[in-house]
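Student: Show me how the following folds:
(2 chains)
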Amino acid sequence: GENVEQHPSTLSVQEGDSAVIKCTYSDSASNYFPWYKQELGKGPQLIIDIRSNVGEKKDQRIAVTLNKTAKHFSLHITETQPEDSAVYFCAASEADSWGKLQFGAGTQVVVTP
Amino acid sequence: EPEVTQTPSHQVTQMGQEVILRCVPISNHLYFYWYRQILGQKVEFLVSFYNNEISEKSEIFDDQFSVERPDGSNFTLKIRSTKLEDSAMYFCASRTSPEGTQYFGPGTRLLVL
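Tutor: Below is the predicted model:
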């Protein structure tokens, strides 16, 4: 089955700097890669996703890149703000599954003013 | 904006007792999921449900677990005889199709004593 690795486990950035989180996946058949943000006491909230037919996607300060050959994808947050502080999870979905998501271990992002 | 809701937010139970966790998916969604997150660990897939039957389940989802959509709006997860290791946050999720965005509820924190 699919295995998703995520790094780093914690990331501390100064407000205004960029943050990058990286994930690798094992199953070349995976074709959907969402990123979720989880704030304390809440469920995961989708922030951006990418499908395997696209190499990059951007939404305001957030972007995701996908390298299918290397089987890795990354989340980029520019101009970080204190409200970006949260746990971020990457996930991958297998092409022949019923949409189940395999999650990475999560990255605790702390943005300091 | 439509949301997935879950009740209760917290549940404490004695080992060996049965618990039922409840979810109300987004109304026009057809695919339903349960995930769990043991403290400090990954979010793990438990089961997916479509057309009133289980479409996929993980190794975690053994005979102690069952799911049901009793009335067309609620989606429940039952644990028949809880174990200490069932203590976790349980998340319900739903989507319109396997390719659609998966929306998560806020979770139920289950503590088994």
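
Student: Report the central residue of chain B.
Tutor: Centroid-nearest residue in chain B, with CA atoms, centre = their mean: residue B:34, separated by 3.3 Å.

Student: quick one: that residue and residue B:91 touch, right?
Tutor: Yes: the criterion here is CB atoms under 8 Å, and residue B:34 meets it with residue B:91 at 7.2 Å. Using the backbone N, CA and C atoms, a C-beta is placed for each residue, glycine as well.

Student: For burial, what's the neighbour tally of residue A:80?
Tutor: 21 (other CB atoms under 10 Å in any protein chain shown).

Student: again with the one 4 residues further on
Tutor: By other CB under 10 Å, the residues close to residue A:84 number 19.

Student: surely it meets residue A:19?
Tutor: Yes: if you go by CB under 8 Å, residue A:84 and residue A:19 touch, sitting 7.3 Å apart.

Student: which residues do the two both contact?
Tutor: A:77, A:109, A:111 (CB atoms under 8 Å, 6 or more residues apart in numbering or on different chains).

Student: Can you tell me the closest non-neighbouring residue to the first one?
Tutor: By that I understand residue A:77. Once flanking residues are discounted, residue A:77 sits nearest to residue A:19: 4.4 Å by CB to CB, 6 or more residues apart in numbering or on different chains.

Student: Around that neighbour, how many other residues sit close by?
Tutor: Neighbour number of residue A:19 under other CB under 10 Å is 20.

Student: May I have the phi/psi pair for it?
Tutor: In terms of degrees, to the nearest 10, the main-chain angles of residue A:19 are phi -130, psi 140.

Student: Assumed residue B:85 was part of a strand.
Tutor: No: using DSSP: H, G, I helix; E, B strand; the rest coil, the assignment for residue B:85 is helix, not a strand.

Student: which residues sit in contact with it?
Tutor: Counting by CB under 8 Å, 6+ apart, the residues that residue B:85 touches are B:38, B:112.

Student: Please report how far it lies from chain A.
Tutor: In this view, residue B:85 and chain A are 19 Å apart by CB to the nearest CB, to the nearest Å.

Student: rewinding a little: between the shared contacts of residue A:84 and residue A:19, which is nearest residue B:82?
Tutor: For these, the residue nearest residue B:82 by CB to CB is residue A:109; the value is 33.6 Å.
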